[in-house]
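Student: mind looking at a prediction? Sequence and model below.
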Amino acid sequence: MNIFMICDEVKLKDLKTINKNQAYYWDEPKKIKLIENIKESGFDSEKSVIKVTKDNYIIDGHHRCKILTDMFGGEHKVIVKRYFYSRKLYVFVVSIILIILSPIIIINYILKNGFK
């Protein structure tokens with residue numbers, strides 16, 4: 001268990017996403033397999049993790065949330081892993097990391113492929 005998160009129970013309708021289309025960009029066979037697994041053996045919050053910020057924004061598990069909401073409705077409660085930081089801090093940190101890594105990625109590409 002990470003010291004920066006706790007397990008918490010939350011209703012699916014209370015979870016939010018930054019990008020509403022996030023749950024739809026997914027490989028159809030994987031989606032069907034996940035739906036079948038949930039129907040057969042239920043949703044195991046230990047194996048299929050849903051991670052959220054302290055203000056209920058989904059970090060990981062958009063597809064699982066969408067499927068569970070479609071199957072059981074928004075009042076259904078699931079156990080999530082809740083981090084102690086907000087969505088704004090998460091977006092800020094990820095943006096800084098991408099800004100720092102961008103030149104490294106470009107230089108690596110040029111070194112491998114040259115100027116074509």
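Tutor: That came in fine, so what should we check first? Numbers count the residues shown, from 1 in each chain.
Student: please enumerate the strands of the protein.
Tutor: Secondary structure of the chain (DSSP state E): strands located at 5-11, 51-52, 58-60, 77-83.
Student: now render those as JSON lines, adding distance to residue 102 and mean neighbour count.
Tutor: All C-beta atoms are positioned from the backbone trio N, CA, C, and that covers glycine. Shown next, in JSON lines, are the strands of the chain (distance: least, C-beta to C-beta, whole Å; neighbours: other C-beta atoms under 10 Å):
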{"stretch": "strand 5-11", "distance to residue 102": "28", "mean neighbour count": "14"}
{"stretch": "strand 51-52", "distance to residue 102": "25", "mean neighbour count": "20"}
{"stretch": "strand 58-60", "distance to residue 102": "22", "mean neighbour count": "19"}
{"stretch": "strand 77-83", "distance to residue 102": "25", "mean neighbour count": "19"}
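Student: for residue 27, which of the ones you listed is the nearest?
Tutor: Nearest to residue 27, of all the strands of the chain, is strand 58-60, at 16.6 Å by C-beta to C-beta.
Student: which strands or helices does the closest one pack on?
Tutor: strand 51-52 (3 or more C-beta pairs under 8 Å, 6 or more residues apart in numbering; DSSP states H and E).
Student: partner strands of the strand it packs on and their direction?
Tutor: Using DSSP bridges, strand 51-52 pairs in its sheet with strand 58-60 (antiparallel), strand 77-83 (parallel).
Student: the longest one: how far from the chain's middle?
Tutor: A distance of 12 Å separates the C-alpha centroid of strand 77-83 from that of its chain, computed with C-alpha atoms, centre = their mean, to the nearest Å.
Student: quick one on the thing from earlier: can you put the strands paired with strand 51-52 in CSV and add distance to residue 69 and mean pLDDT?
Tutor: Putting these into CSV (distance: least, C-beta to C-beta, whole Å; pLDDT from 0 to 100) gives the following:
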stretch, distance to residue 69, mean pLDDT
strand 58-60, 11, 87
strand 77-83, 10, 90
